[in-house]
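Peer 1: I would like to see how this sequence folds:
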Amino acid sequence: MDAQQRRAALAGCLEQAEQPVSAGALAARFGVSRQIIVGDIALLRAGGLAVSATPRGYLLPREPTGLLRTAACLHAPGDMGRELEIMVDNGCVVEDVVVEHPVYGQLTGQLHLASRYDVRQFLDKVATSEAKPLAELTAGVHLHTLRCPDRQAYERVLEQLRQAGFLYQ
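Peer 2: So this is what the prediction gives:
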C-alpha cells in the first residue's frame, strides 16, 4: 500500500469509527510509525478533511444531537475530575474546554468526554504528561461546551456544579 492509498484507508477508518482512534492504534493497523500517522492526518486536514484531535485520539465530526450549552467554571486543579464527572453523570458530553489567554486570545482544547471511563482516561493522561490543564493558565477560570440530551440535563449540571462550588458566578 502506498502513502496515498494509506491516507485514503485512514480516512475511511476514521469515517467508520464510533470513538476516537489513537495514532498508536492507527499505526499498528497500517504497519507504520505513529509519526507517519501524525503526518498523514496533517495531510488529510490540509486536503479538507475535518479531523479533530482529542486526548484519546482522532475523530471526524458527527451530525450533532442534543443541546449545545456552555458552563463557566472555577475550581482548584484537584477538582477537575469531580467537575467532569458531574457533567457526564448527567448525560452530557464535555466537548471542549475554553480559556481566555491574555496573549493568544481564546484557546480551546477538544475533549469529547462522554462517560466516567473517558474522564478517567483523560485524567490519567493529564497525570502522566508534563502538560498542564488549560484552566491553570487562567487561575482556574474556564468554560466547557456541553452537548446535553435536553434542557433538564443541562440544568442538573449547573445546579450540581453550583452545589460543588465549581460554577463561576
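Peer 1: hey, let's count contacts and neighbours off CA atoms from now on
Peer 2: Fine.
Peer 1: so how far is Ile36 from Arg6?
Peer 2: Distance, Arg6 to Ile36, by C-alpha to C-alpha, to the nearest Å: 10 Å.
Peer 1: ditto for Leu68
Peer 2: Leu68 sits at a distance of 35 Å from Ile36 (criterion: C-alpha to C-alpha).
Peer 1: which residues of the chain fall in strands?
Peer 2: Secondary structure of the chain (DSSP state E): strands located at 52-54, 57-59, 67-74, 93-101, 105-113, 141-148.
Peer 1: Work out the gap between the third one and the centre of the chain.
Peer 2: This points to strand 67-74. 14 Å (C-alpha atoms, centre = their mean, to the nearest Å).
Peer 1: same question, the fourth one
Peer 2: Here the centre of mass of C-alpha atoms in strand 93-101, compared against the chain's by C-alpha atoms, centre = their mean, lies 9 Å away.
Peer 1: Next: stretch 12-30.
Peer 2: Relative to its chain's centre, stretch 12-30 lies at 16 Å (C-alpha atoms, centre = their mean).
Peer 1: Also stretch 93-103?
Peer 2: Distance of stretch 93-103 from the chain centroid (C-alpha atoms, centre = their mean) equals 11 Å.
Peer 1: Can you name the residues in contact with it?
Peer 2: 84, 87-88, 106-115, 134-135, 137-138, 141-148 (C-alpha atoms under 8 Å, 6 or more residues apart in numbering).
Peer 1: Let me see the mean pLDDT of it.
Peer 2: Mean pLDDT, computed over stretch 93-103, is 92.
Peer 1: any idea how far Glu100 is from Ser33?
Peer 2: 35 Å.
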